[in-house]
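Engineer: I would like to see how this sequence folds:
(chains A and B)
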There are 2 protein chains.
Amino acid sequence: MEKVRRNERMSAMIKILSDAPNHVFTLSYFCELFGAAKSTMSEDIDLLRNVVSDYDLGELETLTGASGGVVFRNRVRKEKAREFITELSRTLSDPGRILPGGFLYYSDILSDPIITRKMGSILASAYADVNADFVLTMETKGIPVALTTAEALGIPLVIARHSSRAYEGSAVNINYVSGSSGSIQTMALSRRAIHNVHRCLIVDDFLKGGGTAKGMVDLMHEFDVDVRGMAFVMETITPAQKRISGEKALMVLEVGPIFDDLPSVHVRPADWLMN
Amino acid sequence: MEKVRRNERMSAMIKILSDAPNHVFTLSYFCELFGAAKSTMSEDIDLLRNVVSDYDLGELETLTGASGGVVFRNRVRKEKAREFITELSRTLSDPGRILPGGFLYYSDILSDPIITRKMGSILASAYADVNADFVLTMETKGIPVALTTAEALGIPLVIARHSSRAYEGSAVNINYVSGSSGSIQTMALSRRAIHNVHRCLIVDDFLKGGGTAKGMVDLMHEFDVDVRGMAFVMETITPAQKRISGEKALMVLEVGPIFDDLPSVHVRPADWLMN
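Structural biologist: Numbers count the residues shown, from 1 in each chain, chains lettered A, B, ... in the order given. The predicted structure is shown next:
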């Protein structure tokens, strides 16, 4: 085999590392892949760490000891997150997005692969230190951003459903009060979905009254799972008193009084991103 | 600014390119980013193309002409796809996954970020040439793999719902006959979801009778959208006659006769992957 050059090793390595965020690759893995000595690989990794940092592409961390190796962390710096969310808020404040009843159309944003990838990386950066074992979301609209958050954290995604299905086996069902409508709803999760995991991060698209979020918290109690954080794409200013607290949303939605069916709608980045 | 070295340029470039699959970056973009001459960047790209190919990390394509530049394609070679799906089929054939009624539990697989990413890349490779403008799926379980397929193809994802919601504006509703149960179901899609797009790729988790898939095809006709392909994670052997045809599934599910509530279940890779 021809000798692999440094630029080739480094290029292949960053792609392999960033395809599996939070997965620790041993030095030996790369030594074998490239037929290179450990000292050479260490130099490569040092150089690569600086490249990743200089171009704001995430973080490369070297772990020492028995379970040592190198790992790529999908981190977004606050300035970059702020810039992206500010631009997105501007897009969403377009009056053409207002629907009758004071709703905001943003389903297109919630299923856009590039946008959800960025939102997931931002949420993962904000909750990098809570050591969640998995991400929990409630079907449907939050699934893409919950998936990208889970991917960036290197953990699985679990999806709660409105009702239990035969093809998911025995399930735990809970009832909860929808914060917006006040109606009683059901939330179901397959018993098999939670196995030997104890800490979760809740990720969903929208927080208004907090009924659904409270339902997810209650559901996790049934499984003896500790909720380490709650993250949302969007939350409304009113009601100010929600059924949960301590959450982080990316954006805040303010709906003006309804005249002629179409109220004014304003979306802005959440405070924690701006400070 | 210090002069950027080739290994630094190449490492940053592959990360930036692969974070936006199918997006064409101009040579000037990279020249400016790295403060390098066009001839230097061309050499970098030639070297990078070989690295990406040698380590089976996708494909780097150079486009010439006015809209020229360099673009990363998320391609998986058939041997690699076959190996991955064969291993996954083995995992899913575990008798512990059989549920009462002959159902197979695989929701965990369908929301695993690493597995859905790989499945999405495989489906995107299979449908790279159909020039779809967007991916369509039906809520809920197919959303993660539909998202990763859309991401790998560099196109948006559109999600049909079981019923239309106020927060998605006016919608087109169609009724369809569920292939498995024979019951009449509703499928809804916001009118705003389809805008100036004409060709779609349908991606879903499961194909049995094909009722839901046929519903999605009918829904697309309502929007004057041409269905260029249909892809599924899993399809059942029976019924052999489905309400749609020409689809590609990754895996085939065979359920044996039901004794004592728990039938035998066998999952194998689809034929098109094995040839």
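Engineer: how many neighbours does A:Phe30 have?
Structural biologist: By the measure other Cβ atoms under 10 Å in any protein chain shown, the count of residues near A:Phe30 is 23. For glycine as for every other residue, the C-beta is placed from the backbone atoms N, C-alpha and C.
Engineer: Also A:His221?
Structural biologist: Per other Cβ under 10 Å, the neighbour tally for A:His221 reads 11.
Engineer: One more: A:Leu63?
Structural biologist: Per other Cβ under 10 Å, the neighbour tally for A:Leu63 reads 12.
Engineer: what's the closest residue to it other than its chain neighbours sitting at in phi/psi?
Structural biologist: Taking Cβ to Cβ, 6 or more residues apart in numbering or on different chains, and ignoring the residues beside it in sequence, A:Leu63 has A:Gly69 as its nearest neighbour in space, at 5.7 Å. Main-chain torsions, A:Gly69, degrees, to the nearest 10: phi 150, psi -150.
Engineer: again with the one 3 residues further on
Structural biologist: For A:Phe72, the backbone dihedrals (degrees, to the nearest 10) come out as phi -100, psi 130.
Engineer: what's the burial count for A:Ala128?
Structural biologist: Count around A:Ala128 with other Cβ under 10 Å applied: 16.
Engineer: For my notes, confirm it occurs in a strand.
Structural biologist: No - applying DSSP: H, G, I helix; E, B strand; the rest coil, one finds A:Ala128 to be coil, outside a strand.
Engineer: Which stretches in the stretch 51-200 of chain A count as strands?
Structural biologist: A:59-63, A:69-73, A:98-99, A:103-104, A:134-138, A:157-160, A:171-177, A:184-190, A:199-207 (DSSP state E, counting those that start in this stretch).
Engineer: Point out the most buried one among those strands.
Structural biologist: Comparing the strands of the stretch 51-200 of chain A by mean neighbour count (mean count of other Cβ atoms under 10 Å in any protein chain shown), strand A:134-138 comes out on top with a mean of 26.
Engineer: Longest helix in chain A, please.
Structural biologist: Criterion DSSP state H: the longest helix present in chain A is helix A:38-54.
Engineer: could you check the angle strand A:59-63 makes with that helix?
Structural biologist: Angle of helix A:38-54 versus strand A:59-63, following axes from the mean of the first three to the mean of the last three Cα atoms, to 10 degrees, is 150 degrees.
Engineer: And A:Leu157, how close does it get to A:Gly58?
Structural biologist: 20 Å (Cβ to Cβ, to the nearest Å).
Engineer: just A:Ser183 next, same as before
Structural biologist: From A:Ser183 across to A:Gly58, the span is 43 Å (Cβ to Cβ).
Engineer: Of the two, give the one with the bigger neighbour count.
Structural biologist: A:Gly58 (23 against 9).
Engineer: Against A:Val52, how distant is that one?
Structural biologist: A:Gly58 is 6 Å from A:Val52, by Cβ to Cβ.
Engineer: Equivalent analysis for A:Lys141, please.
Structural biologist: Distance from A:Lys141 to A:Val52, by Cβ to Cβ: 32 Å.
Engineer: can you check A:Arg191 too?
Structural biologist: For A:Arg191, the distance to A:Val52 equals 41 Å [Cβ to Cβ].
Engineer: Might you list the low-confidence residue ranges for the stretch 151-275 of chain A?
Structural biologist: Along the stretch 151-275 of chain A, the parts satisfying pLDDT under 70 run over A:258-262.
Engineer: In it, what residue spans correspond to helices?
Structural biologist: Using DSSP state H, counting those that start in this stretch, the helices of the stretch 151-275 of chain A run over A:211-222, A:271-274.
Engineer: now the longest helix of chain A, how far from the centre of its chain.
Structural biologist: Averaging C-alpha positions (Cα atoms, centre = their mean, to the nearest Å) puts helix A:38-54 28 Å from its chain's average.
Engineer: so what does it touch, helix or strand wise?
Structural biologist: helix A:6-18, helix A:27-34, strand A:59-63, helix B:6-18 (3 or more Cβ pairs under 8 Å, 6 or more residues apart in numbering or on different chains; DSSP states H and E).
Engineer: If we use 10 Å, what do you get?
Structural biologist: Other helices and strands packing on helix A:38-54, by 3 or more Cβ pairs under 10 Å, 6 or more residues apart in numbering or on different chains; DSSP states H and E, are helix A:6-18, helix A:27-34, strand A:59-63, strand A:69-73, helix B:6-18.
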